[in-house]
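1. The following comprises the amino acid sequence and a computationally predicted model.
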Amino acid sequence: MAKVLVVDDDSDMRPLMRVTLTKLGHTATLAARGEEGLQLAEAGEFDAIILDVMMPDIDGYEVTRRLRANPRTADVPILILTARAQAADFDSAIEAGADGYLAKPFEAEVLNRRLGDLLKQAAARRTAEPGPGGHSPSGRVIVVLGLRGGVGSTTVAVTLAGALVRIGRRVCLVDLTTSGGHVGLNLRLAAPTTWANLPAAPDSTVVAQQLLRHDSGLLVLAAPQQPVRLGPPAAAFRATLDALQIFFTDVVVDAAAVLDEATWMALGLAERILVIVTPEVCAVHTAVGTLKLLDTVRRPESQVEIVLNHVSPDHNLPPAAVERALGRPPDLFIPYDRQQPVALTNGTPLIFAQPGAALPAAVGAYAQQLKEAAA
Amino acid sequence: MISSRSGVNIDILSEAHRISCRLAVGPSGLLAQLNDVTTSLAEVEDAYFSRLQQPAKIVAHFEAAHIAKGQAVLVVVARREDLGPHGQPRTGYSRVITVPVLMTTPQFEVQGQIEVIHKYDAAELLVGGTGRFVMVFNAAAVATAFPETSFSGGAILVNRSQVEMIAPLPRAKPNG
């Protein structure tokens, strides 16, 4: 028996759906508007959502997008049920993040079959079996976040991903930034394919085709090399992360410095979130706000860790002042490393060129902790 | 079959828009209502309109609207039954022939099957009688200006006054 939320503005349809679903052994909760549906979905624990497209306040595509962007509802199977049944409507539903599509009018048996399929797929995702190569499909997502910008997030992300590779982890580094593909620049990877090439609903094969391989064995999902206005859509990025978690033990996400759809999605899925802060007033101020914000988006079991990163030899704020402002000590202290600008110029990250240098040594020790935590 | 409110859900395609709406029909059915030459307007409910270049994107919603029948180029229905009694297969002794056709209007290319009595007669189809629309069954329409945009249904009604060309298509040969 499944708990199903039905969102349909048709006052005749709603009781019909209740009767039909009850006969099929499910329980139905009804909403007459998109906004009401969103509120119920947020508040309740539903196994599936059946959603009309044509609704006066918010159409079903937009409702789907918002459900997918919300970590609390991102995984709930969504079946679009509508009288608009053209190919373009189907494409739009899938693009928005729906799992299935059924045209009105419909047979109860067809609804039962379609709903059953979606529930089975969702259950399979939750208890997924080992993926290719015997690796767990629930690879760990680690998000490196620096909303202040200029705090060295990409350096930390590249170094952490490299350190994890060096200790035998299967790692994919995802560059979610929209400002010009800096991971590719750090690693000197030409990026003929980026997340901008991903279709609306990529499967694991398509995702694998977009990855770039660094000589170290690190795989990279690159960002477009030119600045772009928006990151990938939440639904497409969710499907991408799902696929990457099948193949990799660790998916390190270099998040955008803005809270776009994809970054928000990644934060909701992350097991670890590394908030990067430098010892200067604006960065600390942003970090304080970021920590508060993360309480609303992260999974309860995810760990938020503060990384105090010294990107210059000058210290505006002493560590004690940073700790006081943040209300807790940093979890990782990265000293200034004069080799880092040289490594960036040379195109070989320090973690590969000089793993014993101050920066890679600090991040490497943290990577080792991550490996042990995973074991 | 589980369906929503009384009335028939239709997609009306004009030169530039797609209007998804519901038309309340009487016992004579949808086809008779649209072909009724004594009224130029059709009153529809729950109308969602989109532009043809983005046919899935809903631009606006109106609880009620009037459609100028003469400007409706195509009317798409999901199932033949939605047309009402006049859209059902003929019974009796008349020999009904199914002819695959291509019809063009300035905005669409429509491919499907028409049903004729005894023989195919383009003049009878396009200028005979008083009906405004001709029925094409199991039909698909492509928007000429946006070839990636297509519509299909159990039947498409084509506004006869907008038809530029009709041509019978060769019948598919059986395999082997």
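-> That came through fine. Numbering: from 1, shown residues only, chains lettered A, B, ... in the order given.
2. got the contact list for the spatially most central residue of chain B?
-> Closest to where the C-alpha atoms of chain B average out (CA atoms, centre = their mean) is B:Leu157, at 1.8 Å. With contact set as CB atoms under 8 Å, 6 or more residues apart in numbering or on different chains, B:Leu157 has these partners: B:31, B:34, B:74-77, B:83, B:133-136. Heads up, the C-betas are built off the backbone N, CA and C, glycines and all.
3. quick one: it is in a strand?
-> Yes: looking at B:Leu157 with DSSP: H, G, I helix; E, B strand; the rest coil, it is inside a strand.
4. so what's A:Trp195 scoring on pLDDT?
-> Note on A:Trp195: pLDDT of 90.
5. Skipping adjacent residues, who's closest to it in space?
-> A:Pro232 (4.7 Å; CB to CB, 6 or more residues apart in numbering or on different chains).
6. Just give the number of residues close to the one you found.
-> Residues lying near A:Pro232 (other CB atoms under 10 Å in any protein chain shown) number 28.
7. Kindly provide the distance from it to A:Val174.
-> Using CB to CB, to the nearest Å, one gets 10 Å for the distance from A:Pro232 to A:Val174.
8. swap in A:Ala325?
-> Distance from A:Ala325 to A:Val174, by CB to CB: 30 Å.
9. Between the two, point out the one with more neighbours.
-> Between A:Ala325 and A:Val174, counted using other CB under 10 Å, the more crowded position is A:Val174 (30 against 14).
10. The residue lying closest to A:Asn70 once chain neighbours are set aside: helix or strand, and which one exactly?
-> Sequence neighbours aside, A:Glu42 is the residue nearest to A:Asn70 in space, at 6.6 Å (criterion: CB to CB, 6+ apart). According to DSSP states H and E, A:Glu42 maps onto helix A:34-43.
11. any residues touching that helix, and which ones?
-> A:5, A:7, A:29, A:31, A:46, A:49, A:51, A:55, A:57-60, A:62-63, A:66-67, A:70, A:72-73, A:76.
12. If we use 10 Å, what do you get?
-> Contact with helix A:34-43 is made by A:5-9, A:29-31, A:33, A:46, A:49-53, A:55-64, A:66-67, A:70, A:72-73, A:76, A:78, as judged by CB atoms under 10 Å, 6 or more residues apart in numbering or on different chains.
13. What subset of those residues is buried?
-> Buried members of the contacts of helix A:34-43, scored by 16 or more other CB atoms under 10 Å in any protein chain shown, are A:5-9, A:29-31, A:33, A:46, A:49-53, A:55, A:58-64, A:66-67, A:70, A:73, A:76, A:78.
14. so what's residue 153 up against?
-> This is for chain A. A:143-147, A:177, A:182, A:254-257, A:274-276, A:307, A:309.
15. should've been chain B
-> Applying CB under 10 Å, 6+ apart, the residues near B:Gly153 are A:85-86, B:10-11, B:74-80, B:82, B:112, B:136-141.
16. Please pick the buried ones from the residues you listed.
-> Here, 16+ other CB under 10 Å leaves A:85-86, B:10-11, B:74-78, B:80, B:82, B:112, B:136-137, B:139-141 buried among the contacts of B:Gly153.
17. Tell me the one of the contacts of B:Leu157 nearest chain A?
-> Nearest to chain A out of the contacts of B:Leu157 is B:Val76 (CB to the nearest CB; 7.8 Å).
18. how near is the residue in the stretch 251-375 of chain A positioned nearest to chain B to A:Gly97?
-> Relative to chain B, the nearest point of the stretch 251-375 of chain A is A:Glu261 (18.0 Å; CB to the nearest CB). The gap separating A:Glu261 from A:Gly97 is 10 Å, by CB to CB.
19. residues shared between the contacts of the two?
-> Joint contacts of A:Glu261 and A:Gly97 (CB under 10 Å, 6+ apart) are A:65, A:68-69, A:233-236, A:238.
20. Let me have the residues you listed in CSV, extended by secondary structure.
-> Shown next, in CSV, are these (three-state DSSP):
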residue, secondary structure
A:Arg65, helix
A:Arg68, helix
A:Ala69, helix
A:Pro233, coil
A:Ala234, helix
A:Ala235, helix
A:Ala236, helix
A:Arg238, helix
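21. which of these lies closest to chain B?
-> A:Arg65 (12.6 Å).
22. Report the contact partners of that closest one.
-> A:Arg65 touches A:58, A:95-98, A:233-235, A:261, counting by CB under 10 Å, 6+ apart.
23. list the helices and strands the biggest helix by length in chain A packs on?
-> Secondary structure assigned by DSSP state H gives helix A:108-126 as the longest helix of chain A. In terms of contacts (3 or more CB pairs under 10 Å, 6 or more residues apart in numbering or on different chains; DSSP states H and E), helix A:108-126 is packed against helix A:13-23, strand A:48-51, strand A:78-82, strand A:100-103.
24. which parts of chain B sit against chain A?
-> Neighbours of chain A within chain B, by CB under 10 Å from any CB of the partner chain: B:1-6, B:8-11, B:18, B:20-22, B:46-48, B:50, B:54-58, B:61-63, B:76, B:78-79, B:81-82, B:140-141, B:146, B:148-153.
25. near chain B, which residues of the stretch 51-200 of chain A?
-> Residues of the stretch 51-200 of chain A lying near chain B (CB under 10 Å from any CB): A:52-57, A:59-62, A:81-93, A:95-96, A:103-108, A:110-111.
26. again, only using 8 Å
-> Applying CB under 8 Å from any CB of the partner chain, one finds that the stretch 51-200 of chain A approaches chain B through A:53-54, A:56, A:59, A:61, A:83-89, A:91-92, A:103-108, A:111.
27. Just these: which are in helices?
-> Those of those lying in helices (DSSP H): A:61, A:87-89, A:91-92, A:108, A:111.
28. re earlier: buried set for the helix holding A:Glu42?
-> Here helix A:34-43 shows A:34, A:36-38, A:40-41 as buried, counting by 16+ other CB under 10 Å.
29. tell me the angle that helix makes with strand A:78-82.
-> 160 degrees (axes from the mean of the first three to the mean of the last three CA atoms, to 10 degrees).
30. could you pull out the strands for chain B?
-> Secondary structure of chain B (DSSP state E): strands at B:8-13, B:17-23, B:41-51, B:60-68, B:74-77, B:96-104, B:108-117, B:133-143, B:146-159, B:165-168.
31. Among those, which comes closest to A:Phe333?
-> strand B:146-159 (54.7 Å; CB to CB).
32. tilt between the closest one and strand B:108-117?
-> 30 degrees.
33. for the spatially most central residue of chain A, what are its contacts?
-> The residue lying closest to the centre of chain A (CA atoms, centre = their mean) is A:Ala266, at 2.1 Å. A:Ala266 is in contact with A:141, A:143, A:174, A:176, A:237, A:241, A:253, A:255, counting by CB under 8 Å, 6+ apart.
34. which one of the contacts of B:Leu157 is nearest A:Glu301?
-> B:Val76 (49.5 Å).
35. list the contacts for residue 60?
-> In the absence of a named chain, chain A is used. A:7, A:34, A:51-54, A:80, A:82, A:93, A:96.
36. was after chain B, sorry
-> B:Ala60 neighbours (CB under 8 Å, 6+ apart): B:48-49.
37. ok, 6 Å please
-> By CB atoms under 6 Å, 6 or more residues apart in numbering or on different chains, the contact set of B:Ala60 is B:Phe49.
38. is it in a bridge, and if so with what?
-> Beta bridges link B:Ala60 to B:Phe49, judged by DSSP bridges.
39. so what's it scoring on pLDDT?
-> For B:Ala60, the predicted pLDDT is 90.
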